[in-house]
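A.B. asks: Below is the structure, and that's it, no one-letter string:
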């Protein structure tokens with residue numbers, strides 16, 4: 001996978017967290033996986049379509065999701081309910097949208113699909129053998145947020 005596909009997601013994640021919740025994430029070292037996999041409890045799945053295609057999964061623990069949703073909503077989240085899920089889905093939507101804009105600026109034309117929330121541990125998503133790059137981000141006093149990017153150049157565009 002090309003670094004040009006991954007960097008916009010890291011950059012957009014940092015910018016969105018700074019803007020939305022006033023916290024600058026500390027990026028950890030990148031790691032590669034042969035296919036998309038997350039062991040996080042709360043996952044936001046966004047599809048990428050166009051010249052570049054694949055999936056991005058934003059993963060976090062339930063505690064981290066509650067803390068992020070609390071900051072976004074402006075009120076404490078006691079239970080991960082529909083409002084909290086909506087806030088977390090919107091977080092994925094904003095990061096993915098900003099990433100698509102950055103990709104577009106590099107000459108890669110793509111769009112995003114609406115976010116889907118998947119709850120549970122050890123989630124495996126098949127990405128047709130597209131490897132995944134994982135960008136771990138630590139949010140001070142909030143928790144770990146993982147960005148899993150699994151993208152490839154589309155082999156042919158529809159006419």
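C.D. replies: Thanks, I have it. Just so it is clear, the structure is predicted and the values come from calculations on it, not from any experiment.

A.B. asks: Can you tell me the closest non-neighbouring residue to the most centrally placed residue in the chain?
C.D. replies: The residue at the geometric middle of the chain, judged as the C-alpha nearest the mean C-alpha position with Cα atoms, centre = their mean, is residue 58 (3.2 Å). Excluding the flanking residues, the one nearest residue 58 by Cβ to Cβ, 6 or more residues apart in numbering is residue 44, at 4.3 Å. Heads up, the C-betas are built off the backbone N, CA and C, glycines and all.

A.B. asks: follow-up on the earlier one: would the residue nearest to the centre of the chain count as being in a helix?
C.D. replies: No: under the criterion used here (DSSP: H, G, I helix; E, B strand; the rest coil), residue 58 is strand, not part of a helix.

A.B. asks: Quick check: it touching residue 149?
C.D. replies: No: counting by Cβ atoms under 8 Å, residue 58 stays clear of residue 149, with 9.9 Å between them.

A.B. asks: Residue 101: neighbour count?
C.D. replies: For residue 101, the neighbour count with other Cβ atoms under 10 Å is 12.

A.B. asks: What is the burial count for the closest residue to residue 153 other than its chain neighbours?
C.D. replies: Excluding the flanking residues, the one nearest residue 153 by Cβ to Cβ, 6+ apart is residue 52, at 6.0 Å. If you count neighbours by other Cβ under 10 Å, residue 52 ends up with 21.
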